[in-house]
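Trainee: structure for this input, please:
(2 chains)
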There are 2 protein chains.
Amino acid sequence: MDDLKIAIAGLGTVGGGTVTLLHRHADLLSARVGRRLRLVACAALEKPANLALDAIPFYSDARVMAKDADYDVLVELIGGSSGIALDVVTTALGRGRHVVTANKAMVAHHGQKLAELAEQAGVTFGFEAAVAGGIPVIKALREGLAANRLSQVYGILNGTCNYILTTMRETGREFADVLAEAQALGYAEADPSFDIDGVDTAHKLSILTSLAFGTVVDFAKVHVEGIRHVSAFDIRSAEELGYRIKLLGIARRTEDGIEQRVHPCMVPIRSSIGCVEGVFNAVVAEGDFIGRTLFEGRGAGATPTASAVVADILDIAAGRRTPTFGLPAKALAPLQVAPMEQHRGAFYIRLTVLDRPGVFADIAAALRDEEVSMEAILQRARAPGETVPVVMTVHDTLERSMTRAVERISAIGEVVEPPHLIRIEAF
Amino acid sequence: MDDLKIAIAGLGTVGGGTVTLLHRHADLLSARVGRRLRLVACAALEKPANLALDAIPFYSDARVMAKDADYDVLVELIGGSSGIALDVVTTALGRGRHVVTANKAMVAHHGQKLAELAEQAGVTFGFEAAVAGGIPVIKALREGLAANRLSQVYGILNGTCNYILTTMRETGREFADVLAEAQALGYAEADPSFDIDGVDTAHKLSILTSLAFGTVVDFAKVHVEGIRHVSAFDIRSAEELGYRIKLLGIARRTEDGIEQRVHPCMVPIRSSIGCVEGVFNAVVAEGDFIGRTLFEGRGAGATPTASAVVADILDIAAGRRTPTFGLPAKALAPLQVAPMEQHRGAFYIRLTVLDRPGVFADIAAALRDEEVSMEAILQRARAPGETVPVVMTVHDTLERSMTRAVERISAIGEVVEPPHLIRIEAF
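Mentor: Numbering: from 1, shown residues only, chains lettered A, B, ... in the order given. I've put the predicted structure just below:
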């Protein structure tokens, strides 16, 4: 069979890893699919000196490569939700060429349009590398679990956040301190907000939602909260209550629509997801026939992401086709999200109060008035007349009721800081 | 596109689950692949009354159905490594029809021959359901991780054993007691030996070995030990040492060849695999690009297995083809196993000794003479002049040295029972 001709746009970390993989495992790959995978062009602002690319035509403008080069598959590793990345992908699909990308932002923002373009052209638009690179979770949802009606999919989708939260727990240090260290070590970006404010997780979650529920990918409808406000004190309290704090992306089918939310979460220490530590990612899917299944692995980095990119290329080389989001693009339904205020769940609440008689009674009354059922309340220190932290947990309650109860609690004179909430998921 | 015509041989638990799934999700499945999946024939000794099969031609002889019925895919759910199961599969492949099976014993014993038959006929021989039904691990190894050179794959592959070991730990009860209860609850077979003696795990491991290393599936070369000899005392000791006991199947690339072994194992409590409890299965794969990845889910039961069967059918319906064991059958290499006596690892040793002065010195000398390096030794009770249990752990050592050291220890007068070994894996 003819060689499969590959053009790579973007030669940063992941691009370099992909070039290395294609080179190192050339024989294994061609044995698997019965044809050679041949790198025929690459594009970047500058040609990296450390990659063996001498024999490969090089473009300093990826748009030109996308338009002019002779390739079967364009691999987009530039990044960014639009701009050059979107241009080269659109050009390639328009030319009837397959596209493979690691670009979650682009898929989250333009997935539906790109799926339609790919379908019209009869080519593949692959993005296994966009979510949890070292875990073949796109394939699992789209093919492996395709016989199930899924009830929920959730996971730890950002290794930087999980590293920070794990390190905070292990060392007792505060968020800002651990973040600074992660930046120094290269585990977090100089501008970390995409990671720590939950945007990256939300990009990935919107893709998983589409695959799990057959809906149009809809990033704008993700409820997003990050981890900046998680304190060392919260993590210690969680541990004592039998929980770990994780930044989760959760997509869940409910009577009111599909919940699609990203926020820090307390999960039981002994749950599968609670055991996932450090830079590792994990995705849990629950279906009516399989029950619960969990996939864990490295989410980012040059080599896991390259592995996912090349897995997509192998599917193309072997002629294995699956609809982009598991169903024909036209069959995807609009996403009906469940309003966040309708969410039901348990909560952890951290308060800072003046240690005076009667304050607990006032707090309990505020909860009672909103019909929020308290599970536990504990004062973490005694310092009469001074401020002390107080931790509470409440049983399953409506988000809306909780919000109102928090407003009432905030109005109590002895409560000196706005209450801080973390949702609890039983799993 | 034409309907995909399906014939099911075997209408027991999994067969019933598969019929139910095809019926319940008929619309979802046809939306995914653009054609209907139509049940056109089924065979069993007796027609079950609880399944809606009135309109479906029924055969009381699966061999006749395989030979005469008009189908595209034969689903073999009879079981057994040969006999009727092998006959109907061979007949279907000989007729150029696709085959899907949940039969690990048959794949373990005849996988290579059946892969060759399927390849000659240009059809699929699918067995996702044969290993860890609720986990799409065959697809993950064969496609998702296909760009990697794997260094090892290991896992908890038998839910019955994991349930028994978990219950022993949680309740402190002995093996025989928990097994009897598991049988009464239907979690263990009346004849449990396939499960508890490790044969079922070995069947599955031999399949994973082939997929991971591109070797001919070779069940005869699995080193197999079961869990009958694991005591409540061992489990308690493991806990105190920071371990859980799991029955693992392990396939690992070493300098001496590929290790392929099934035995009880101590794994760190905090390892991913150590967190997998109850009837759950898990498979870990380590590759040069992905690093470590773990898949966890239900291994057996009607619905997870049916999910896997139908996933294979969907691949066939969509025309997605992958070589049976990830490479063309002729390209699979003979399995060069590493001799078990060359295995290096740490060990736990349980002794029963007469509590007399000097016995520890004799044991330590026996280890020293075989160059086995002791990590810890602890006597679990004091009862001068009577027998007491003693637990030891030793650092990484050759299996051969350990065997000799155990012989020496057995010869010590105060050692009243043969020492009992459990291997430790650090993971």
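Trainee: ok, A:Ile156 - contacts?
Mentor: Going by CB atoms under 8 Å, 6 or more residues apart in numbering or on different chains, A:Ile156 touches A:Asn162, A:Lys246, A:Leu247, A:Leu248, A:Ile273, A:Val276, A:Phe280, A:Asn281, A:Ala282, A:Gly299. The C-beta positions use only the backbone N, C-alpha and C, and glycine is treated the same way.
Trainee: got those residues as JSON lines, with neighbour count, pLDDT and secondary structure columns?
Mentor: Supplementary listing: these in JSON lines, determined by neighbours: other CB atoms under 10 Å in any protein chain shown; pLDDT from 0 to 100; DSSP: H, G, I helix; E, B strand; the rest coil:
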{"residue": "A:Asn162", "neighbour count": "22", "pLDDT": "97", "secondary structure": "helix"}
{"residue": "A:Lys246", "neighbour count": "25", "pLDDT": "98", "secondary structure": "strand"}
{"residue": "A:Leu247", "neighbour count": "27", "pLDDT": "98", "secondary structure": "strand"}
{"residue": "A:Leu248", "neighbour count": "27", "pLDDT": "98", "secondary structure": "strand"}
{"residue": "A:Ile273", "neighbour count": "22", "pLDDT": "93", "secondary structure": "helix"}
{"residue": "A:Val276", "neighbour count": "25", "pLDDT": "94", "secondary structure": "coil"}
{"residue": "A:Phe280", "neighbour count": "24", "pLDDT": "96", "secondary structure": "strand"}
{"residue": "A:Asn281", "neighbour count": "27", "pLDDT": "97", "secondary structure": "strand"}
{"residue": "A:Ala282", "neighbour count": "28", "pLDDT": "98", "secondary structure": "strand"}
{"residue": "A:Gly299", "neighbour count": "27", "pLDDT": "89", "secondary structure": "coil"}
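Trainee: the helices in the stretch 101-250 of chain A, which residues?
Mentor: Counting by DSSP state H, counting those that start in this stretch, the segments of the stretch 101-250 of chain A that form helices are A:104-121, A:137-139, A:159-171, A:175-185, A:193-196, A:199-213, A:232-241.
Trainee: ok, which of those helices comes nearest chain B?
Mentor: helix A:137-139 (5.0 Å; CB to the nearest CB).
Trainee: so A:Gly96 makes contact with A:Ala121?
Mentor: Yes - here A:Gly96 reaches A:Ala121: they are 4.5 Å apart, a contact under CB atoms under 8 Å.
Trainee: break chain A into its domains for me.
Mentor: Per the record's domain assignment (automatic domain parsing), chain A is made up of the domains A:4-132, A:137-298, A:342-424.
Trainee: a markdown table for those domains, including distance to B:Ala365?
Mentor: Supplementary listing: the domains of chain A in a markdown table, determined by distance: least, CB to CB, whole Å:
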| stretch | distance to B:Ala365 |
| --- | --- |
| domain A:4-132 | 50 |
| domain A:137-298 | 41 |
| domain A:342-424 | 55 |
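Trainee: who in the stretch 51-200 of chain A is up against chain B?
Mentor: For the stretch 51-200 of chain A, the residues found near chain B under the criterion CB under 8 Å from any CB of the partner chain are A:128, A:133-136, A:139-140, A:143-149.
Trainee: next helix or strand past the lowest-mean-pLDDT helix or strand in chain A?
Mentor: The helix or strand of chain A with the lowest confidence, counting by mean pLDDT, DSSP states H and E, is strand A:374-379 at a mean of 86. Toward the C-terminus, strand A:374-379 is succeeded by strand A:387-398 as the next helix or strand (DSSP states H and E).
Trainee: now do the helix or strand following that following strand: everything it contacts.
Mentor: Proceeding C-terminally, strand A:387-398 gives way to helix A:399-410 as the next helix or strand, assigned by DSSP H and E. With CB under 8 Å, 6+ apart as the test, helix A:399-410 has contacts from A:340-345, A:347, A:349, A:351, A:363, A:366-367, A:369-372, A:394, A:415, A:418-419, A:421.
Trainee: among these, which lie within helices?
Mentor: Counted as lying in helices by DSSP state H, out of the contacts of helix A:399-410, are A:Ile363, A:Ala366, A:Leu367, A:Asp369.
Trainee: near the first one, how many other residues are there?
Mentor: A count of nearby residues for A:Ile363, using other CB atoms under 10 Å in any protein chain shown, gives 24.
Trainee: do the same with the third one
Mentor: Summarising burial for A:Leu367: neighbours were counted as other CB under 10 Å, giving 22.
Trainee: which residue lies farthest from the center of chain A?
Mentor: Distance to the chain centre peaks in chain A at A:Pro357, reaching 44.8 Å (criterion: CA atoms, centre = their mean).
Trainee: wasn't that one part of a helix?
Mentor: No - with DSSP: H, G, I helix; E, B strand; the rest coil as the criterion, A:Pro357 is located in coil rather than a helix.
Trainee: ok, now which ones touch the closest residue to A:Gly111 other than its chain neighbours?
Mentor: Nearest residue to A:Gly111 in three dimensions, chain neighbours excluded: A:Val217, at 3.8 Å (CB to CB, 6 or more residues apart in numbering or on different chains). With CB under 8 Å, 6+ apart as the criterion, the residues that contact A:Val217 are A:Val107, A:Ala108, A:Gly111, A:Gln112, A:Ser206, A:Ile207, A:Thr209, A:Ser210, A:Phe325.
Trainee: dump the residue contacts of A:Gly278.
Mentor: Residues in contact with A:Gly278, defined by CB under 8 Å, 6+ apart, are A:Gly159, A:Asn162, A:Tyr163, A:Thr166.
Trainee: for the closest residue to the last one other than its chain neighbours, give its distance to A:Arg169.
Mentor: Pointing back at A:Thr166 there. Using CB to CB, 6+ apart and skipping the chain neighbours, the partner closest in space to A:Thr166 is A:Glu277 (4.7 Å). Remark: distance between A:Glu277 and A:Arg169 (CB to CB, to the nearest Å) = 9 Å.
Trainee: now stretch A:114-131: buried residues?
Mentor: For stretch A:114-131, a neighbour-count test (16 or more other CB atoms under 10 Å in any protein chain shown) marks A:114-119, A:121, A:123-131 as buried.
Trainee: what of stretch A:356-365?
Mentor: By neighbour count on 16+ other CB under 10 Å, the buried set for stretch A:356-365 is A:Val359, A:Asp362, A:Ile363.
Trainee: list the contacts of the second one.
Mentor: The contact partners of A:Asp362, taken as CB under 8 Å, 6+ apart, are A:Ile412, A:Glu414.
Trainee: gap between it and A:Glu386?
Mentor: Relative to A:Glu386, A:Asp362 is positioned 18 Å away (criterion: CB to CB).
Trainee: and the ones in helices among the contacts of helix A:399-410, which is closest to B:Asp315?
Mentor: For those, the closest approach to B:Asp315 (CB to CB) belongs to A:Leu367, at 52.8 Å.
Trainee: my guess is the closest one contacts A:His395, does it?
Mentor: No - contact criterion CB under 8 Å: A:Leu367 and A:His395 do not qualify, at 10.4 Å.
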